[in-house]
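Colleague: heads up, no residue letters with this:
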């Protein structure tokens, strides 16, 4: 027996090592203690690492390598193709709207209103003096102003130049006067270029060549019309939301987007399409959770265009007209089912209490048949009584 075993062992060559991607054959059972330690069984390939595990059906635990790696190995069954690496697709980040980074609100250079009034008065006075010099000022006006009579020099080139200078000074002085109001700002531009924002109040002088755009920077609220939405089950809803917001950066709100109010409305509609809203009679606190999610999404979408959103709260939620009747019937059926279940539970509790009291006090002695009959009669009586009282 020993000779046969040794010959068979010598005739079978020992494997030199594990092949990549395959489990090497198991060696024959050792016949004596002189045999060397078993070689480690490994499963590996060029794209995986090795983790030793133990074969539970062996006498001695033999470490075996299991391929584990960041890539997923897949191949078609029955085709004989080598394993192919398939890496999981990375989730693409949600694009964020971008505005010109150089476009940011900055204060514009303006002068006090007194400077414009003074320049306008000087221009008017210059025109009056030029008219007196040219002799075109009426005598009554000369006497009223207390000017001495002078020889009429006529309207020559010098007089016209004086008229032009005085008139231009008056137009620039009076034309640049502006009145700033609390909660309003002026966005100034020149030839399509942003020149700054004026948030001052009172009378001031602004370059009359600059284009002025008035922006409301007060805290504002917007109550929307019924917007399309859906609940967690996909049932169509109509939601009215209240948005509290204000313009934080006037330059981006005015120049970074065509109409910031329309952009805000579209952002609210897009957020309602992504956030499920609980229907009427939903779980307590669901409206607050939906409002917080809507506020976060709308604030993130409108921040790049200079808008600051404080809250987006659903104030009215109702079913869409096409599903309102069906959902109303479903709700009534659910309420009726809950009412019937509560009535049945109350009747069963009353019957059990009655039978228990009768038997515990020894008023009646009932066998199984009589107990069932009594329970049946009491149940019918209690159900009929509750049906008549409407409770």
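Modeller: Received, thanks. What you are looking at is a predicted structure, and each value in this text was computed from that prediction instead of being measured. Numbering: from 1, shown residues only.
Colleague: Please count neighbours and contacts with C-alpha atoms only from this point.
Modeller: Noted.
Colleague: Okay, now the unreliable bits of the protein?
Modeller: 1-97, 99, 141-154, 280-284, 324-327, 330, 385-391 (pLDDT under 70).
Colleague: Okay, buried residues for the strand or helix carrying residue 347 please.
Modeller: Using DSSP states H and E, the element containing residue 347 is helix 321-360. Neighbour counts using 16 or more other Cα atoms under 10 Å place 343, 347-348, 351, 355 of helix 321-360 among the buried residues.
Colleague: with those in mind, which one is nearest to residue 374?
Modeller: residue 355 (8.0 Å; Cα to Cα).
Colleague: dump the residue contacts of that closest one.
Modeller: Residue 355 sits next to 374-375 when contact means Cα atoms under 8 Å, 6 or more residues apart in numbering.
Colleague: now do the one 5 residues further on
Modeller: When the contact criterion is Cα under 8 Å, 6+ apart, residue 360 has no partners at all.
Colleague: From the contact counts, what lies against the host helix or strand of residue 294?
Modeller: Using DSSP H and E, residue 294 maps to helix 286-302. Using 3 or more Cα pairs under 8 Å, 6 or more residues apart in numbering; DSSP states H and E as the contact test, the elements touching helix 286-302 are helix 260-274, strand 307-319.
Colleague: Which helix or strand lies directly C-terminal to the helix holding residue 347?
Modeller: helix 368-389.
Colleague: Show me what that following helix is in contact with.
Modeller: 344, 347-348, 351-352, 355.
Colleague: quick one: which of the residues you listed is nearest residue 321?
Modeller: Closest approach between the contacts of helix 368-389 and residue 321, by Cα to Cα: residue 344, at 35.2 Å.
Colleague: Could you find the closest non-adjacent residue to the closest one?
Modeller: Leaving aside its sequence neighbours, residue 344 sits nearest to residue 383 (Cα to Cα, 6 or more residues apart in numbering; 8.0 Å).
Colleague: count of neighbours near the one you found?
Modeller: Using other Cα atoms under 10 Å, residue 383 has 16 other residues around it.
Colleague: from now on call the first residue 47
Modeller: Sounds good: first residue 47 from here, last item residue 429.
Colleague: so which strand or helix has residue 160?
Modeller: Counting by DSSP H and E, residue 160 is part of helix 159-180.
Colleague: That helix - contacts with which helices or strands?
Modeller: helix 203-221, strand 223-226, strand 248-251.
Colleague: Same list (those) but as CSV, adding mean neighbour count.
Modeller: Shown next, in CSV, are those (neighbours: other Cα atoms under 10 Å):
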stretch, mean neighbour count
helix 203-221, 18
strand 223-226, 18
strand 248-251, 18
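Colleague: out of the ones you listed, nearest to residue 342?
Modeller: For residue 342, the closest of the helices and strands packed on helix 159-180 is strand 223-226, at 33.4 Å, according to Cα to Cα.
Colleague: helices and strands around the closest one, which ones?
Modeller: Judged by 3+ Cα pairs under 8 Å, 6+ apart, the packing partners of strand 223-226 are helix 159-180, strand 248-251.
Colleague: Next, the angle from the longest one to helix 203-221.
Modeller: Yep, that's helix 159-180 we're talking about. Orientation check (axes from the mean of the first three to the mean of the last three Cα atoms, to 10 degrees): helix 159-180 against helix 203-221 gives 160 degrees.
Colleague: buried set for helix 159-180?
Modeller: 159, 161-163, 165-170, 172-180.
Colleague: Show me the domain layout of this structure.
Modeller: 47-134, 157-262, 266-365, 370-435 (automatic domain parsing).
Colleague: Now that residue 172 has come up, it's in contact with residue 214, right?
Modeller: No: the pair residue 172 / residue 214 is not scored as a contact, 10.4 Å apart, by Cα atoms under 8 Å.
Colleague: quick revisit: relative to residue 344, which of the helices and strands packed on helix 159-180 is closest?
Modeller: Nearest to residue 344, of the helices and strands packed on helix 159-180 and by Cα to Cα, is strand 223-226 at 30.7 Å.
Colleague: what's the following helix or strand after the closest one?
Modeller: Proceeding N to C from strand 223-226, the next assigned helix or strand is strand 230-236, under DSSP H and E.
Colleague: Buried residues of the helix or strand just after that following strand, list them for me.
Modeller: Downstream of strand 230-236, the next assigned helix or strand under DSSP H and E is strand 239-244. Buried positions in strand 239-244, judged by neighbour count with 16+ other Cα under 10 Å: 240-244.
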